[in-house]
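Visitor: below is the structure, and that's it, no one-letter string:
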Ligand code: F6P
């Protein structure tokens, strides 16, 4: 093979998922036998300098010293990447913002030995950005600041980069990626790019190494067969949560996603308590189906008092929408968004947990598992077991497991 070496240059504002994609891409290519290295300017900066470079002024385009130091770091990493490809490496990923034209022109004029593929990560969702920033400011480089100061400082840094931002347009080979939805927004490939088929397919694949999908423990409403509401766990429900906690104690779970309902958060809290570092992130997208005028009723009450509702739902459970509420079909978009957000926010965590509800978990399962629509509202979602899901480019696995020791 003549030219089977490649530079990948990441592009995008801070907190847009660049490093996560670089990391996962490296992992994926390496598994495929393609030795890949990441050359991250932020990591090198943190190694070479102190907290002064975590201050927002360092990123002010008018701060000459800051500009010079960042250029020096970029050049050093280009040199290290070239060395790597000159020896045993096949793909070198330059992971930095690279948002200005000037920086990219410098990269293009300095790299002449192998082709360059630019990958621009775009994500304009303000809520996701907020959640990503919350995770970023937990990094040691912000430990000297209060959380509020750190967020302000990081936002200011983003603004400075934003003032220089020139989206990809004239580059010979590029992909613009909606990094939340794994969707390619634009692509231009003029040269022969090694591993391109595999890279493109990877970029559009939802990947999760280990997703443990749990249903909340038993609630007072469950005992009465009442739907919806915001009931707490029963004693048995708390025991189920503790059983889950001891089971997952053996694994590393850095992040647990729940709905905003008490029963899912109460199930997650004991699990978090037995982990070293773990964050609970409640997402509204995972709230249980809104049963509208039937909220808090039992199925028997609905059958007796609202026979039309009962029968219409029985006839077409997937498409039926509760008056003033939701249905499975109408819930699909928000649950899918919840999955995208969870995968995005969990970055490269090897394992994550989602604690959901019966209908929501059916929709999550149907995202990973082919089922006819009419069968989705009947997928088995017990409270005393959980689903283990693996979804990568090369492997799909779904297993119902018991957590009782
Ligand atoms: O009973 C628990 C529950 O999560 C309710 O809150 C929800 O309305 C219901 O299950 C969803 O299941 P189904 O669609 O089968 O009624």
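Guide: Right, received. Where do you want to start? Remember, it's a predicted structure, so these values are computed and weren't measured experimentally.

Visitor: secondary structure class for residue 119?
Guide: When classified by DSSP: H, G, I helix; E, B strand; the rest coil, residue 119 comes out as strand.

Visitor: err, residue 388, not the other one
Guide: Remark: residue 388 carries the secondary structure label strand [criterion: three-state DSSP].

Visitor: and for residue 211?
Guide: Taking three-state DSSP, the label given to residue 211 is strand.

Visitor: doesn't residue 391 make contact with it?
Guide: Yes - here residue 211 lies in contact with residue 391, judged by CB atoms under 8 Å, at a distance of 7.3 Å. From N, CA and C alone the C-beta is placed, and that goes for glycine too.

Visitor: the two: which is more packed in?
Guide: For residue 211 versus residue 391, neighbours defined as other CB atoms under 10 Å are more numerous around residue 211 (23 against 19).

Visitor: who are the contact partners of the closest residue to residue 167 other than its chain neighbours?
Guide: Counting by CB to CB, 6 or more residues apart in numbering, the nearest residue to residue 167 once its immediate chain neighbours are dropped is residue 120, at 6.6 Å. By CB atoms under 8 Å, 6 or more residues apart in numbering, the residues touching residue 120 are 10-12, 167-168, 174-177.

Visitor: for residue 120, list each beta-bridge partner.
Guide: With beta bridges defined as DSSP bridges, residue 120 has these partners: residue 11, residue 176.

Visitor: re the thing from before, got JSON lines for the contacts of residue 120, with distance to residue 337 and neighbour count too?
Guide: Formatted as JSON lines, the contacts of residue 120 follow (distance: CB to CB, whole Å; neighbours: other CB atoms under 10 Å):
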{"residue": "10", "distance to residue 337": "24", "neighbour count": "24"}
{"residue": "11", "distance to residue 337": "25", "neighbour count": "28"}
{"residue": "12", "distance to residue 337": "21", "neighbour count": "25"}
{"residue": "167", "distance to residue 337": "24", "neighbour count": "13"}
{"residue": "168", "distance to residue 337": "26", "neighbour count": "22"}
{"residue": "174", "distance to residue 337": "27", "neighbour count": "22"}
{"residue": "175", "distance to residue 337": "22", "neighbour count": "24"}
{"residue": "176", "distance to residue 337": "20", "neighbour count": "21"}
{"residue": "177", "distance to residue 337": "17", "neighbour count": "26"}
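
Visitor: closest one of those to residue 90?
Guide: Distance to residue 90, by CB to CB, is smallest for residue 10 among the contacts of residue 120, at 17.3 Å.

Visitor: for the ligand, see how far away that closest one is.
Guide: Using CB to the nearest ligand atom, to the nearest Å, residue 10 is found at 41 Å from the ligand.

Visitor: and the closest residue to that residue other than its chain neighbours, backbone torsions?
Guide: Beyond its immediate neighbours in the sequence, the residue positioned closest to residue 10 (CB to CB, 6+ apart) is residue 18, lying 4.3 Å away. Geometry field for residue 18 lists phi and psi as phi -60, psi -50, criterion degrees, to the nearest 10.

Visitor: circling back: which of the contacts of residue 120 lies closest to the ligand?
Guide: Within the contacts of residue 120, proximity to the ligand (CB to the nearest ligand atom) peaks at residue 177, which comes in at 35.2 Å.

Visitor: OK, contacts around that closest one?
Guide: Residues counted as contacts of residue 177 (CB under 8 Å, 6+ apart) are 21, 119-122, 183-185, 203.

Visitor: count of neighbours near the closest residue in space to residue 27 that isn't next to it in sequence?
Guide: Once its chain neighbours are removed from consideration, residue 27 has its nearest residue in residue 348; the separation is 7.9 Å (CB to CB, 6+ apart). Residue 348 has 15 neighbouring residues, counting by other CB under 10 Å.

Visitor: contacts only, for residue 348.
Guide: Contacts for residue 348 were tallied using CB under 8 Å, 6+ apart; they are 20, 23-24, 27.

Visitor: change it to 7 Å
Guide: For residue 348, the contacting residues are 20, 23-24, by CB atoms under 7 Å, 6 or more residues apart in numbering.

Visitor: please apply the same query to residue 162.
Guide: Residue 162 makes contact with residue 13, according to CB under 7 Å, 6+ apart.

Visitor: mind telling me what element it is part of?
Guide: For residue 162, the host element (DSSP states H and E) is helix 147-164.

Visitor: returning to that earlier point: any idea how far residue 36 is from the residue nearest to residue 167?
Guide: With the distance defined as CB to CB, to the nearest Å, residue 120 ends up 19 Å from residue 36.

Visitor: same check on residue 63?
Guide: Shown here: residue 63 relative to residue 36, a distance of 33 Å by CB to CB.

Visitor: these two: which is more packed in?
Guide: When residue 63 is set against residue 36 and neighbours are counted by other CB under 10 Å, the residue ahead is residue 36, at 22 against 16.

Visitor: verify the stated contact: the more buried one with residue 91.
Guide: Yes - counting by CB atoms under 7 Å, residue 36 does reach residue 91; the two are 4.3 Å apart.

Visitor: give me the common contacts of the two.
Guide: Both residue 36 and residue 91 are in contact with residue 29, where contact means CB under 7 Å, 6+ apart.

Visitor: show me what from the protein comes close to the ligand.
Guide: Proximity of the chain to the ligand, by CB under 6 Å from any ligand atom, involves residues 227-228, 288-289, 291, 357-359, 377.
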